[in-house]
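Enquirer: Give me a 3D structure for the following:
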Amino acid sequence: MTKSNILRELKDYALISVGVILYAVGVTVFMLPYSLTTGGVAGAASIVYYATGIEVQVTYVIVNIILLIIAIKELGIRFCIKTIYAVFFMTFVLWLFQRIIEVPDPNNLGAKMLPQLIGEESFMACVLGAILAGTGVALCFENNGSTGGTDIIAAIVNKHRNMSLGSVIMACDVVIISSCYFIFHDWFRVIYGFVMLFICSATIDYWMRRRQQSVQFMIFSRNADAIADAIVQTHHGVTILDGEGWYTHTDRKVIVSVIRRRDQAMMQRMVKRIDPYAFVSMTDASGVWGEGFDQFKVKDTHPGAGRFSLHKPPQ
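Expert: Okay, here's the model as predicted:
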């Protein structure tokens, strides 16, 4: 393994750790003290906690071990190694944060309780907890990991179908949140749970789209060859089209390149350095499929699909 690969792996684990910590803060600080139920295994574990007093990390790790066995086959060992790390780190962090913030229970001598750190603002706790949890899950996904639970199910579905991670998680978690009614017999708790689910899913989708957004550059320049060579050296694709400036009726080369949004500043600096007088147009690309970008996740249902090769026409 090269030095760059080692650094990339260390970066992945560092960011996964940050994501796990954000998720754990959302659960221990904003969910459990206010008896709020989110989705996923953490939500199911919180319901068990409310009903039996068994701490969330115990149920969380048991259920995730079962799901991880399934995930190893579907998602590959590389994904699962980081997920295994995230699950066990989450178990530790959930335990640690509860020990840090718990206080003596005034109604039960010798017992401990989790305090409501923002007073009786249950709705604010709902919003803050969901944002932290969603951001944590997105960080894990962006760095080839997962916090386990329904995230694993979502990753498996996303691998085979063109469905957003947030939507899959939402579909999986409806039953978990609804079941909290049988503990509290309070529909407001169920409604709060669905509000948390919506905010969490929207947060996940926001961060994932933000990272995966692409832009298309069209560059009109007299130094088209030099710019195209520079783009290729950054390992991005480029196409040169023939054009004509209609005012001067002179030939022009048009450079077309699609890149990730995070690389747009690099592209602008590069073009400016080579040709400060270039005319550049940048547009958002709402969907990009192909090598270096997203893969097609739809099946061709045409009866003849897959029968013919693109390189060998039918006889």
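
Enquirer: Centre-most residue in the protein?
Expert: In the chain, the C-alpha closest to the average C-alpha coordinate belongs to Ala138, at a distance of 3.1 Å (Cα atoms, centre = their mean).

Enquirer: surely that residue meets Gly19?
Expert: Yes: under the criterion of Cβ atoms under 8 Å, Ala138 is in contact with Gly19, at a separation of 7.3 Å. Yep, even glycine has a C-beta here, placed from its N, CA and C like the rest.

Enquirer: following the helix or strand of the chain at the bottom of the mean pLDDT ranking, which helix or strand comes up?
Expert: For the chain, the helix or strand with the lowest mean confidence is helix 150-160, at a mean of 71 (criterion: mean pLDDT, DSSP states H and E). Following helix 150-160 in sequence order, the next helix or strand is helix 165-178 (DSSP states H and E).

Enquirer: pull the CA atoms of that following helix into CSV?
Expert: This file holds the C-alpha atoms of helix 165-178, laid out as CSV (Å, rounded to 0.1, in the frame of the first residue of the first chain):
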residue,chain,number,x,y,z
LEU,A,165,-29.9,6.9,0.7
GLY,A,166,-32.2,9.2,2.7
SER,A,167,-35.4,7.8,1.1
VAL,A,168,-34.4,4.2,1.7
ILE,A,169,-33.6,4.9,5.4
MET,A,170,-36.9,6.7,5.7
ALA,A,171,-38.8,3.7,4.3
CYS,A,172,-37.0,1.3,6.7
ASP,A,173,-37.6,3.5,9.8
VAL,A,174,-41.4,4.1,9.6
VAL,A,175,-42.2,0.9,11.5
ILE,A,176,-39.6,1.6,14.2
ILE,A,177,-40.8,5.1,15.0
SER,A,178,-44.5,4.0,14.9
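
Enquirer: so how far is that helix off the chain centroid?
Expert: On the basis of Cα atoms, centre = their mean, to the nearest Å, helix 165-178 sits 15 Å off its chain's mean C-alpha point.

Enquirer: What helix or strand is Met282 located in?
Expert: Element membership for Met282, per DSSP H and E: strand 279-285.

Enquirer: That strand packs against which elements?
Expert: Helices and strands touching strand 279-285, by 3 or more Cβ pairs under 8 Å, 6 or more residues apart in numbering; DSSP states H and E, are strand 214-221, helix 264-274.

Enquirer: most tightly surrounded among these?
Expert: Among those, strand 214-221 has the highest mean neighbour count (mean count of other Cβ atoms under 10 Å), at a mean of 19.

Enquirer: average pLDDT across that strand?
Expert: In this model, strand 214-221 has a mean pLDDT of 88.

Enquirer: just stretch 268-287 next, same as before
Expert: Model confidence over stretch 268-287, given as mean pLDDT, is 86.

Enquirer: and what of stretch 140-148?
Expert: Predicted confidence along stretch 140-148 averages 78 (mean pLDDT).

Enquirer: Which stretches in this protein count as strands?
Expert: With DSSP state E, the ranges of strands along the chain come out as 103-104, 112-113, 214-221, 239-245, 250-260, 279-285.

Enquirer: what lines up beside the third one in the sheet?
Expert: Strand partners for strand 214-221, identified by DSSP bridges, are recorded as strand 250-260 (antiparallel), strand 279-285 (antiparallel).

Enquirer: Give me the buried positions along the strand holding Met282.
Expert: Neighbour-count burial for strand 279-285, with 16 or more other Cβ atoms under 10 Å as criterion, is recorded at Val280.

Enquirer: How about exporting it as PDB, limited to the C-alpha atoms?
Expert: Included here for strand 279-285 are C-alpha records, laid out as PDB according to Å, rounded to 0.1, in the frame of the first residue of the first chain:
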ATOM      1  CA  PHE A 279     -14.600  32.800 -22.400                       C
ATOM      2  CA  VAL A 280     -15.900  30.200 -19.800                       C
ATOM      3  CA  SER A 281     -19.500  29.000 -19.200                       C
ATOM      4  CA  MET A 282     -20.300  26.800 -16.200                       C
ATOM      5  CA  THR A 283     -23.600  25.000 -15.700                       C
ATOM      6  CA  ASP A 284     -24.900  22.600 -13.100                       C
ATOM      7  CA  ALA A 285     -25.200  19.000 -14.200                       C
END
